[in-house]
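*Asks:* output the structure for:
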Amino acid sequence: MDQITTISLTVGILLYLALAYHLYSRVSTPAFAFFATMRSFMKGNYRQRVHLIGYPYLRNQARKFNKYLDWVEKELVESNQSKT
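*Replies:* Model (predicted):
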């Protein structure tokens, strides 16, 4: 009985670690793309946009985010033009 319990716990822990690694990889790469875009945008590269290839489950969010960046860029250009 102790061997069955040990094997079950070991297999369960390994499966949970595999699931955690899989979910982490599905979230970390797109999150880095969003953060890198924002970092570049804040440094003054207003033409930077998020392009997620291979992550169709985030396509709608990336499009909304890019539209928001378009709006911010337009507002910044207009405010700079009105100052001059």
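*Asks:* tell me which element the spatially most central residue of the chain falls in.
*Replies:* Most central in the chain under C-alpha atoms, centre = their mean is Ala31, positioned 2.1 Å from the mean C-alpha point. According to DSSP states H and E, Ala31 maps onto helix 2-42.
*Asks:* buried stuff in the following helix or strand past that helix?
*Replies:* Using DSSP H and E, the next helix or strand after helix 2-42 towards the C-terminus is helix 59-83. Neighbour-count burial for helix 59-83 flags Ala62, Phe65, Leu69 (criterion: 16 or more other C-beta atoms under 10 Å). C-beta here means a position set from N, CA and C on the backbone, and glycine is covered the same way.
*Asks:* and these, which is closest to Met1?
*Replies:* Distance to Met1, by C-beta to C-beta, is smallest for Ala62 among the buried residues of helix 59-83, at 51.4 Å.
*Asks:* convert the C-alpha atoms of stretch 70-84 to PDB, please.
*Replies:* Presented in PDB, the C-alpha positions along stretch 70-84 are these (Å, rounded to 0.1, in the frame of the first residue of the first chain):
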ATOM      1  CA  ASP A  70      -3.100  53.800 -32.100                       C
ATOM      2  CA  TRP A  71      -5.500  56.100 -30.200                       C
ATOM      3  CA  VAL A  72      -2.700  57.100 -27.700                       C
ATOM      4  CA  GLU A  73      -0.300  57.800 -30.600                       C
ATOM      5  CA  LYS A  74      -2.900  59.900 -32.400                       C
ATOM      6  CA  GLU A  75      -3.600  61.900 -29.200                       C
ATOM      7  CA  LEU A  76       0.200  62.500 -28.600                       C
ATOM      8  CA  VAL A  77       0.700  63.700 -32.200                       C
ATOM      9  CA  GLU A  78      -2.300  66.000 -32.000                       C
ATOM     10  CA  SER A  79      -1.200  67.400 -28.600                       C
ATOM     11  CA  ASN A  80       2.400  68.000 -29.900                       C
ATOM     12  CA  GLN A  81       1.100  69.700 -33.000                       C
ATOM     13  CA  SER A  82      -1.200  72.000 -31.000                       C
ATOM     14  CA  LYS A  83       1.800  73.000 -28.800                       C
ATOM     15  CA  THR A  84       3.800  74.200 -31.800                       C
END
